[in-house]
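Participant: this one's structure only:
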């Protein structure tokens, strides 16, 4: 078993297992720690712009990754060709990734330069921001790498890797990603590492943000009684 199989065939399952079990354990045992720990009250100037630019655009980036990696070729070929799909990914990824980069840069400068915000930040808060920044830079770097081969072949390899993992074929997944260049592998590896540390950081607030609307719709009705006049 070589390092490629370990990193891209087995490590994804380990990261996902730690993510699921860790989130369950944290929510079950330490619900009061299940929060983002917002520092907005400490310094509001520029916070809304930076936060919105980061959070809104990263949702588009994540959605693009999810659809792009997990949609089989025989499905999207009814709508778009492989080269055009790669071009669409490069343009949309560059747009939303660039705006996300601007927002995250502003958040990092604020977090590290403002004494009050820095004092309220834990080590994991700073680590997550730095890792997300590196991941975003790697993702934007793949756009240039993709421009060197516009036939969509590397995109197909990455999609085959993700889809092989979903159907529990780690050896095929590792073989699919083996030929791609280093920048893609670093991007994929760091992405899986973010899943690994997910339960131990403020990233858990993502689950709350996605689950809150569903939980609200499924909640029991509130009974409101009018107070009788004495």
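Facilitator: Received it, and whenever you're ready, just let me know what you need. These figures come from a predicted structure and were not determined experimentally.

Participant: can you pull the contacts of residue 193?
Facilitator: 15, 131 (CB atoms under 8 Å, 6 or more residues apart in numbering). Every residue, glycine included, has its C-beta placed from N, CA and C.

Participant: rerun that using 10 Å as the cut-off
Facilitator: 11, 15, 131, 135 (CB atoms under 10 Å, 6 or more residues apart in numbering).

Participant: Against which helices or strands is the helix or strand where the last one lies packed?
Facilitator: In this case it means residue 135. According to DSSP states H and E, residue 135 maps onto helix 123-146. Under the contact definition 3 or more CB pairs under 10 Å, 6 or more residues apart in numbering; DSSP states H and E, helix 123-146 sits against helix 47-70, helix 82-113, helix 115-119, helix 153-166, helix 182-197.

Participant: Lowest average pLDDT across these?
Facilitator: Lowest mean pLDDT within the helices and strands packed on helix 123-146: helix 115-119, at a mean of 81.

Participant: list the helices and strands that helix packs on?
Facilitator: Packed against helix 115-119 by the contact rule (3+ CB pairs under 10 Å, 6+ apart) you find helix 82-113, helix 123-146.

Participant: Tell me the buried residues in the shortest one?
Facilitator: What it means is helix 123-146. Residues of helix 123-146 classed as buried: 125, 128-129, 131-132, 135-136, 138-140, 142, 146 (neighbour count, 16 or more other CB atoms under 10 Å).

Participant: between the residues you listed, which is nearest residue 85?
Facilitator: residue 146 (11.3 Å; CB to CB).

Participant: Do I have it right that that closest one meets residue 88?
Facilitator: No - between residue 146 and residue 88 there is no contact under CB atoms under 10 Å: 11.4 Å.

Participant: Quote the end-to-end distance of stretch 166-182.
Facilitator: 23 Å (CA to CA, to the nearest Å).

Participant: swap in stretch 104-121?
Facilitator: Termini of stretch 104-121 sit 16 Å apart (CA to CA).

Participant: quick one: the helix or strand hosting residue 5 to chain centroid distance?
Facilitator: Residue 5 is part of helix 3-5 when elements are defined by DSSP H and E. In this view, helix 3-5 has its centroid 23 Å away from the chain centroid, taken as CA atoms, centre = their mean, to the nearest Å.

Participant: contacting residues around the residue lying closest to residue 131 once chain neighbours are set aside?
Facilitator: Nearest residue to residue 131, sequence neighbours excluded (CB to CB, 6 or more residues apart in numbering): residue 194, at 6.3 Å. The contact partners of residue 194, taken as CB under 10 Å, 6+ apart, are 15, 19, 128, 131-132, 135, 201, 203.
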